[in-house]
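Student: Here is a sequence with its predicted model. Questions after.
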Amino acid sequence: MTTEPTKPAAGSFRTGLSWFAQAFLVLTLIWIALNGLSGFWAGLAAASAGAAVGTYFARGQTYPWRPLKWLAFIAFFIIESIRGGVDVAARAMGPTVRIDPVFESHSIAIPPGLPTILLTSFISLLPGTLSVRLREHDHELIVHALTPGSMASVTRLERALAWMFNVERADG
């Protein structure tokens, strides 16, 4: 069973409030993680400003907030980052450099909007892959990878995002 994103009227107060609350919470937690409670009031002000700007520029639908799935996704992302980092280091530091850089097209199977934005962003954070170009008209992403096999991490990332947002992938 999939959960549909909430679909209030574009620009409605409810959509804006949802975007603001989610952004404010995430930015506040990032502030606390990086600074502790030092400068807490400045952190709240910065989180409020960041959430307000993010809400102003946010477009599209909001998705239900699932903190436990976000935590599971963060764990997945850390594991993928370590796996990719070890692979890239082994390839680069071995007696022979075993890389075969490629540009590959990836047909995006998750819905446009926030899931696709996060996909393109997180791909660039994974070792060995980089988002190059998003072709919105055909929902396709051009990815630079150190090896053709690196594209498997893109597929795993997309599956994890589909699970986190509780959306079905177009390819099943």
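Tutor: Structure received.
Student: Please make it C-alpha for all contacts and neighbour counts, starting now.
Tutor: OK.
Student: what's the helix or strand for residue 117?
Tutor: helix 114-125 (DSSP states H and E).
Student: tell me which strands and helices that helix is in contact with?
Tutor: strand 129-135, helix 151-165 (3 or more Cα pairs under 8 Å, 6 or more residues apart in numbering; DSSP states H and E).
Student: Reformat these as a markdown table; add mean neighbour count.
Tutor: Converted to a markdown table, the helices and strands packed on helix 114-125 look like this (neighbours: other Cα atoms under 10 Å):
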| stretch | mean neighbour count |
| --- | --- |
| strand 129-135 | 18 |
| helix 151-165 | 19 |
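Student: and residue 29, which of these is closest to it?
Tutor: helix 151-165 (19.2 Å; Cα to Cα).
Student: Contacts for that closest one, please.
Tutor: If you take Cα atoms under 8 Å, 6 or more residues apart in numbering as the criterion, helix 151-165 is touched by 63-64, 66, 69-70, 73, 76-77, 80, 109-110, 115, 119, 123, 129, 145, 168-169.
Student: do the same with stretch 69-83
Tutor: 125, 126, 127, 153, 157, 160, 161, 164.
Student: Which pair in those has the greatest spatial separation?
Tutor: 127 and 164 (21.3 Å).
Student: roughly how far apart are the residue nearest in space to the middle of the chain and residue 160?
Tutor: Centroid check for the chain by Cα atoms, centre = their mean gives residue 118 as the closest residue, at 2.7 Å. Residue 118 is 11 Å from residue 160, where distance means Cα to Cα, to the nearest Å.
Student: what does residue 104 give?
Tutor: Look at residue 104 and residue 160: by Cα to Cα, they are 20 Å apart.
Student: One more: residue 53?
Tutor: Using Cα to Cα, which is the criterion applied here, residue 53 is 28 Å from residue 160.
Student: For the longest helix seen in the chain, buried residues please.
Tutor: The longest helix of the chain (DSSP state H) is helix 67-93. By 16 or more other Cα atoms under 10 Å, the buried positions in helix 67-93 come out as 69, 73, 77, 80, 81, 84, 88.
Student: Relative to the helix or strand following that helix, what are the paired strands and their orientations?
Tutor: Downstream of helix 67-93, the next assigned helix or strand under DSSP H and E is strand 102-107. On the basis of DSSP bridges, the sheet neighbours of strand 102-107 come out as strand 140-145 (antiparallel).
Student: Identify each buried residue in the partner strand, please.
Tutor: Applying 16+ other Cα under 10 Å to strand 140-145 flags 140, 141, 142, 143, 144, 145 as buried.
Student: Averaged pLDDT, the helix holding residue 117. What do you get?
Tutor: Across helix 114-125, the average pLDDT comes to 88.
Student: swap in stretch 32-44?
Tutor: 89.
Student: Give me the distance between the two termini of it.
Tutor: End to end - Cα to Cα - stretch 32-44 spans 10 Å.
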